[in-house]
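*Asks:* any chance you can model this:
(chains A, B and C)
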Amino acid sequence: MITNSDRMDRITEALDEAADIKGRSLWADARRRFLRNKAATGAVVALLLVVLFVIIGPYFAVWSNEEIDWNVMGMVAEKGAPSIESGHFFGVDELGRDLYSRTIQATRTSLIVGVIGAIVAVTIGTIYGATAGFVGGWVDGLMMRFVDIMIAIPYMFIIILLMVMFERSFFMLFVGIGIISWLEMARIVRGQTLSLKNREFVEAAKACGVGWFTIILRHIIPNLLGLVVVFASLLVPLMILIESFISFLGLGVQEPQTSLGALISEGAGTILYGTIWQLFIPLFFFLVTIISLFFIGDGLRDALDPKDR
Amino acid sequence: MLNYILRRLLTAIPTLLVLVIICFLMMHAAPGGPFTSERPLPPEVLANIEAKYGLDKPLYAQLWDYLVGVVTRFDFGPSFIYKDRSVNDIIAQGFPVTLTYGTISFVLATIVGVAMGVFAALRHNTWVDYLAVGATFSAQALPNFVMAPILVIIFTWQLGWLPGGGWNGGQWQYVVMPVIALSTSYMASIARIQRTAMLEVLHSNFVRTARAKGLPSSTIIWRHAMKPALMPVVSYLGPSFVAMITGSVVIDLYFSTGGVGLHYVNAALNRDYAVMLGVTILYGALTILFNLVADIVYAWLDPKIRY
Amino acid sequence: MTYMTRTLLAAMMASTIVAGTATAATHPETGEALAADQTFTNWTLDNPSSFDPQVVEDSDGAAMVRNMFEGLMNQDADGNLVPGVALDYSVNDDKNVYTFTLRPEAQWSNGDPVVASDFVYAWQRAVDPELASPYAWFMELMSIENASAIIAGEMPKEELGVKAIDDHTLEVTLSASLPYFATMTTHSTTFPAPQKVIEEFGAEWTKPENIVVNGAFILEDYTPGERIVQVRNPEYWDNENTILDKIETLVVTDQNQALTRYLAGEFDRIELPAGTYPKMKAEHPDEAVSVPWLCNYYYTFNVSDSGPEAFKDVRVRQALSLAVDRKVITENVMQGGQPEAYSFTPAAVAGFEPPKSAMADMTQAERDAKAKELLAEAGYGADNPLTFDMIYNTSENHKKVAVVLSQMWKQKLGVQASLANMEWKTFLDTRGRQDFALARGAWCGDYNEASTFLDLLTTPSGYNDGKYSNTEYDELIQSAKTAENAPELYTQAEAILAEEMPVIPIYHYAGVMMIDTDLKGWPYQNVERNWYGKNLYKVAE
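*Replies:* Numbering: from 1, shown residues only, chains lettered A, B, ... in the order given. Next comes the predicted model:
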């Protein structure tokens, strides 16, 4: 496995080019770089289209997301396929409910769950991990043993207890997701911080007497951004799928409301029975969402990379 | 370093103890018990069963009995639901299964994932990169609960090449589909993390310096870039390895492997207290162990790291 | 024995058996050509709870136990009582002393004869507080003298009303006269247990290497979550007439997955997931079957103090029940030939005659009109809509039924029912604490008699989660236990339920299965679904 020097040249060229553009504001600079990234801008457009669809789509719906089409029910494979005439643009689900309306509502739920879940995970995980890694010593030991315990505790019990102690609500769903999602993030960030804190620029900051929290915020976290963003983009699909498990336990989204995770697993259960659209349609929206979030994340990473400043 | 490892191993004991206590209390706080069923047992029958399993004692006494049993006799108690089996039986039978398919999946996911990530980063924004990224999406597009039934439809029903489930002592035909279904999403995650980490390193000052010194690019990559680029993947691999060898509920459920992963979920849903604690201890001990391994690997990858 | 040697041995054994039967490969009665490989591959959803007859509590586990242990009486393909270990029985005029005569040739797999004291030991074991059998209550239900006192720890187990007159005569004394007592001896709790083996190995006695059985098959291998292998027991008294060599039960927790594997030829029998029956019937008409099953499916109103005020009004309960289009649920949701339910007890129960209810005779349009009328009378309408929560435990099928019910009520009556699913144990706990308005329920009969269902709704019943209470009903059920005209009383009791509607019966279960055409002898007509491996055989294709 040898890489030719040609490519390395290209990399250095790109780096030199990046070095030329100092002096502008960080954000304007980042924006400019982000917009130059075709994949990232394309992803923003795709995600906007999904959001737009979720907002405008309901105005075109013939059926609501809970109404059962009694004429189709029981003969879904024969009569329930996507069709303009019947008003079921995306076909119907197993019970004869309109998949168009259900997909719109599910996408809305899952987008919120995925994005907010990821933001919670990133915020808590990054701060927690960076603090543990940077402070080190017994604080690190204690904080990480806490994470170990949290990873090993049967997650189902946490959800079940939350459900028993509090009223079921959308907010509790986020609490449920938030409790678990930040743990891996914290471990990864801590690992990187261990290495970053010995770098020259951190040592320099320390020597200047900058406080540790400021160092974390100003020097450690910006250098972690790339990793955090890519990990967040991995978390989004995970959050969307975990939601359906939480709902299975009873906390979270309740029928007739639904989510992409629930629709996908329903669709997967019936692939044999001639109703393949029940899997493909929610899967399509799931994919568009996670792919665009990935490229947006990737673009943001490139744009915000402190080494390119 | 040795000192550090010893210290970490010693702290594992109180950590596990805290884990057991929390898990024990949560279990008992959850509604319903192992003997709650659609058909409620008559009170006197229930009383006999609870007396048999010691559930009539106060919580602290139950916890104490349990801990004494574990420490002195290495006895993790009986299953309350599968009454012919003890927790030791269940783990002794289920863990080797998940350990086998988990380790194979781990090795496969790591090698392929890291290779894909490195190549994608070296050829950033070329077709190689797009192909690799595209492949990771296809893997994610099919969550394992979707992939498992599709695999069985194709390889068992349509082609008739592989048995649709079971374990049969770990013959290769029975291992193939669980490994495919388990490893792909991890592979995708590893590739994506590796790609980003490698890009970061390639953009960093010391690689630029090395480049400026005129070192050949292969030397730069293998001697300088590779090690730091592995750091984040290692953090990810620690917990992932544990998750993989303790099995996935989806794999055990769809492929009937008899692995310990399904017990983890079933025991919680059935309130099978002793099984739940046993599996949690296994999971906790492995988590602690492999996070320690990850920390040791950090120190090897970046000698500047001091704990 | 290591795994490898065990499989090798099994393979060798299998080949010798094949060689042995190759010459006589036709069925002795029907003359059908038999398959060389007499292995029945069965499906089960979960691991059996135990192989111990006195401990097992799940129905698939009980079926495995039934293949390994033989009780006093068995059932034939239609559910009629036929001799098992007992050749015959006699009963006194008061119907409270039963005497069973055991067959002398019956023996355990270790060669010991099966004697009356094996039953005495097993039955004492079932009520022994030390064993704490979850089915101890079945002995109380059988009204065996002193069973309740022994379970409560007030008497030694030796006082149980069962004794061995001699090796082949067993006498049972009941605390009340029970005309159908003999039918209850087909239940796994009443099967004999090998005292010597149990005393030697303790709780380990059901492990494949220790177990001793008196039935047609013996446990060879058990891998939880994967498979249970039972092979022919050559010591079984009727071994010569047993055709099947091996029953292999594979655990598949996902029913759709089980269906795919059935289609791939990996199973001889599976149960179908809801909604797949019509398609399977069309594609595999000889394999898909739907047979009646003694279970009901209902929603129960919480009529206790913690329940909503609205449900204390019988008109509201009637209206909600009337508006349920059961035909839609059975034909379009379950789609497996389930009968619509207008009574709590399934009509398939032996000797039970459902009452003539007005509702069953109406058309759905008439019912809907009546429902609207009743609800309006009760004071609920557009300006004062009825709202309540309904709970069910998480499962695809329960979800579908709940969704459909709530939509029927919403569209026909303007009722707002919000759905809440819960995981199983939380659901049971919530329902058991009367912390609900409307809750899903289901019940499967323990024996083929209406009281197994109707007992549920009596005031003292521990299973009566809606806390329905009606003295007239209680008295009817109580007197039916000893009355000659029990079926009439059951019909009257059902008429009260139809009038008061404390529960909404929705459908009665059907066993919906795929059974490979080369598997013969399956007891389709046995509504309790008690099948015996010794009666099954596979024909050559």
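
*Asks:* what segments of the stretch 51-200 of chain A are helices?
*Replies:* Ranges of helices within the stretch 51-200 of chain A are A:76-79, A:99-135, A:137-152, A:155-165, A:170-196, A:200-207, based on DSSP state H, counting those that start in this stretch.

*Asks:* pipe these into a markdown table and attach mean neighbour count and mean pLDDT per row.
*Replies:* For glycine as for every other residue, the C-beta is placed from the backbone atoms N, C-alpha and C. Output for the helices of the stretch 51-200 of chain A, formatted as a markdown table (neighbours: other CB atoms under 10 Å in any protein chain shown; pLDDT from 0 to 100):
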| stretch | mean neighbour count | mean pLDDT |
| --- | --- | --- |
| helix A:76-79 | 17 | 81 |
| helix A:99-135 | 23 | 90 |
| helix A:137-152 | 18 | 91 |
| helix A:155-165 | 20 | 84 |
| helix A:170-196 | 22 | 85 |
| helix A:200-207 | 13 | 81 |
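
*Asks:* now those as CSV including distance to chain B?
*Replies:* Listed next are the helices of the stretch 51-200 of chain A as CSV, based on distance: least, CB to the nearest CB, whole Å:
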stretch, distance to chain B
helix A:76-79, 16
helix A:99-135, 9
helix A:137-152, 4
helix A:155-165, 4
helix A:170-196, 4
helix A:200-207, 9
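
*Asks:* quick check: bridge partners of the residue nearest to C:Tyr89 when sequence neighbours are not counted?
*Replies:* Leaving aside its chain neighbours, C:Tyr89 sits nearest to C:Phe100 (4.6 Å; criterion: CB to CB, 6 or more residues apart in numbering or on different chains). Per DSSP bridges, the residues bridged to C:Phe100 are C:Tyr89, C:Leu170.

*Asks:* distance of C:Phe100 from chain A?
*Replies:* According to CB to the nearest CB, to the nearest Å, C:Phe100 stands 48 Å off from chain A.

*Asks:* of the helices of the stretch 51-200 of chain A, which is nearest A:Val50?
*Replies:* Of all the helices of the stretch 51-200 of chain A, helix A:99-135 sits nearest to A:Val50, with 6.6 Å by CB to CB.

*Asks:* what does the stretch 51-200 of chain B put close to chain A?
*Replies:* B:122-124, B:133, B:137, B:140-141, B:143, B:145-146, B:149-150, B:153, B:189, B:192-193, B:195-197, B:199-200 (CB under 8 Å from any CB of the partner chain).

*Asks:* one more time with 10 Å, if that's ok
*Replies:* For the stretch 51-200 of chain B, the residues in contact with chain A (CB under 10 Å from any CB of the partner chain) are B:115, B:118-119, B:122-126, B:130, B:133-134, B:136-138, B:140-150, B:153, B:157, B:185, B:188-190, B:192-197, B:199-200.

*Asks:* and the chain, what are its domains?
*Replies:* Answering for chain A, as no chain was given. Chain A is divided into the following domains under automatic domain parsing: A:1-36, A:38-308.

*Asks:* please refer instead to chain C.
*Replies:* According to automatic domain parsing, the domains of chain C span C:2-9+C:21-246+C:516-538, C:292-511.

*Asks:* now the ones you listed as CSV including mean pLDDT and distance to B:Phe95?
*Replies:* Formatted as CSV, the domains of chain C follow (pLDDT from 0 to 100; distance: least, CB to CB, whole Å):
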stretch, mean pLDDT, distance to B:Phe95
domain C:2-9+C:21-246+C:516-538, 90, 12
domain C:292-511, 91, 25
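
*Asks:* rewinding a little: which of the helices of the stretch 51-200 of chain A sits closest to C:Trp108?
*Replies:* helix A:155-165 (43.3 Å).
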